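A.B. asks: Pasting the sequence and the predicted coordinates here, then a few questions.
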Amino acid sequence: MDMLWNGWGDPAKAAPLPETVTGLLHDLLGVRPRSTPALGLEDIRSPALTAAPAALRALAAAVGDEHVRTDAHSRVRHTRGKSTPDLLRLRAGDVSDVPQAVVLPATHDEVLDVLRVCAAHGLAVVPFGGGTSVVGGLAPQRSAFVALDLRRMNALLDLDPVSRTAVLQPGVRAPEAEALLAAEGFTLGHFPQSFEWATIGGFAAARSSGQASAGYGRFDEMVLALTLATPEGTIETGRAPRSAAGPDLRQLILGSEGAFGVITSVTVRIRPLPEVRMYEGWRFASFEEGTAALRRLAQDGPRPTVLRLSDETETLIGLAQPDAIGADLTSGGAGCLAIAGYEGTAEDTAYRRERAAAVLADCGGTPAGAEPGERWAHGRYSAPYLRDALLDAGAFAETLETAAFWSRVPDLYTAVRTALTDTLTQAGTPPLVMCHISHVYENGASLYFTVVSAQGEDPVAHWTPAKHAANEAVLAAGGTISHHHGVGTDHRDWYVREAGPLGVSALRAVKHRLDPDGLLNPGVLLPTD
């Protein structure tokens, strides 16, 4: 099944907002339905093909005629990603950066052949997994490009139960990966919000972080080896779980977002399927108090598998449990809601839960029982559908995230909220800004912001200054420009400042050696020359 072309996920799961929520949006933020309806796919006319017939014939020779698609629907479905500006532009009929063709290779060698053909004909290449980028990672600065859809590369190539490793092709979607591993008694344990649609290759390319990262780690911590196809040949990394044989090339490939090459296989660490999965809620009087509790668990343990904390606004609105949005407005909920989850053997889970509960209570937390945790687990992938429903109702809704060391988290939280609130209020669309701590580490944490406002006359132009102001606030407050969404084009100029001139020059040198013609996802991650 393809993802909804102008929204998120499975069309059957899309649902309109309850009247109570649309009324709240109108009263609180002045949100009104858009006067111009969104266009349907049948209304979209993609630009004419400009790729040379010889190039298309050569691509067909590389992967087979049936695996080179130039029809309008295929091309539109591979246009951009799933950020709110991406979707708004598509809904308005803007497909100005549609790919020339969609190419579907089945093997590493076919990927190499496609890259050679594209180099010979001057076509840029955008690797395409689940299409879930929300930072412009699928919007190259090149008019003539092909989308390299990796969905046919979707196999479990090897599983080593002794070493507890698995080799997966890049086009395996996360649910399929979990099913393949579960059949052998294992799990990857990587469950980001994009889980239902994102792919193994995409996780590696964007340095993904799952909602259970407190227990299983980030995806880049799970990756033990990679194979990369480039216009100049193949790179294979990872001969052992750890090595002192020079700099780790895996770390150069992880997070490279298709700018250095196409990931064609990933070797990952796997874990036995947990006997028990349980989630529960805790209440704290303030975000400050809850943050201190999370820091104590992250630093001194015992660390739950899942550990999250919503601020007062997010808790009040109910966004911590997307399938119950608005519930706390009438239930009298107050303070901040934290979710703690435990996975593993029954004995270990009970032990960690008991000790963690003692820490949370000692830090001022009040147990809220299993219901909030189970509701979170049930609705953990619902937020993107909620975003689409908000757009349908005439609201603007977008997210952004960052991370910092614990000592900087309070100032970072305040700086980003202030930047978003001030910029959008000055534009005449005062926002609702919500935040939660989404991932914790011994030395710091990630902050995940959700912004809702009226759309304004031009929704994309309305958002751009606010996003830029938030990016500036992140850097000024000592945060990183992205914790897990990636760089893409949206964060690129701020990433260049974060990396520094010499660092960027080194990365440019790598790109030039692997991709001398600059054909791989041009303008993503690094500015074009």
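C.D. replies: Good, I have the coordinates. Everything quoted here is computed from the prediction, not taken from an experiment.
A.B. asks: Tell me how far H483 lies from L412.
C.D. replies: 11 Å (CB to CB, to the nearest Å). From N, CA and C alone the C-beta is placed, and that goes for glycine too.
A.B. asks: what residues are shared contacts of these two?
C.D. replies: Residues touching both H483 and L412 by CB atoms under 8 Å, 6 or more residues apart in numbering: T402.
A.B. asks: residue ranges for the strands of the stretch 201-350 of the chain, please.
C.D. replies: In the stretch 201-350 of the chain, the strands defined using DSSP state E, counting those that start in this stretch lie at 223-230, 233-237, 262-269, 271-272, 276-284, 306-310, 336-344.
A.B. asks: Would you confirm that G201 contacts A174?
C.D. replies: No - counting by CB atoms under 8 Å, G201 stays clear of A174, with 11.1 Å between them.
A.B. asks: where does the protein have low pLDDT?
C.D. replies: 319-333 (pLDDT under 70).
A.B. asks: mind redoing it with 80?
C.D. replies: Along the chain, the parts satisfying pLDDT under 80 run over 1, 34-38, 46, 319-334, 529.
A.B. asks: From the centre of the chain, point out the most distant residue.
C.D. replies: The C-alpha centroid of the chain is most remote from A54, which lies 36.4 Å away (CA atoms, centre = their mean).
A.B. asks: what about that residue, which SS state?
C.D. replies: helix (DSSP: H, G, I helix; E, B strand; the rest coil).
A.B. asks: Skipping its backbone neighbours, what lies nearest it in space?
C.D. replies: Nearest residue to A54 in three dimensions, chain neighbours excluded: H121, at 7.1 Å (CB to CB, 6 or more residues apart in numbering).
A.B. asks: returning to what we had before: and F191, which of the strands of the stretch 201-350 of the chain is closest to it?
C.D. replies: Closest of the strands of the stretch 201-350 of the chain to F191 is strand 306-310, at 8.8 Å (criterion: CB to CB).
A.B. asks: Given that closest one, what are its sheet partners and their directions?
C.D. replies: strand 336-344 (antiparallel), strand 432-440 (antiparallel) (DSSP bridges).
A.B. asks: Tabulate the CA atom coordinates of the last one in CSV.
C.D. replies: In CSV, the C-alpha atoms belonging to strand 432-440 read as follows (Å, rounded to 0.1, in the frame of the first residue of the first chain):
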residue,chain,number,x,y,z
LEU,A,432,-0.4,27.2,21.0
VAL,A,433,3.1,25.8,21.7
MET,A,434,3.5,22.5,23.4
CYS,A,435,6.6,20.5,24.3
HIS,A,436,7.7,17.1,25.6
ILE,A,437,11.0,15.5,26.5
SER,A,438,11.1,12.7,24.0
HIS,A,439,14.5,11.0,24.6
VAL,A,440,16.8,11.0,27.6
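A.B. asks: And for A476, nearest residue in space, chain neighbours not counted?
C.D. replies: A415 (6.6 Å).
A.B. asks: The stretch 1-150 of the chain: strands as residue ranges?
C.D. replies: Going by DSSP E, counting those that start in this stretch, the stretch 1-150 of the chain shows strands at 68-69, 101-103, 124-128, 145-149.
A.B. asks: Redo these as CSV? Include mean neighbour count and distance to R269.
C.D. replies: Shown next, in CSV, are those (neighbours: other CB atoms under 10 Å; distance: least, CB to CB, whole Å):
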stretch, mean neighbour count, distance to R269
strand 68-69, 20, 35
strand 101-103, 24, 31
strand 124-128, 26, 23
strand 145-149, 25, 27
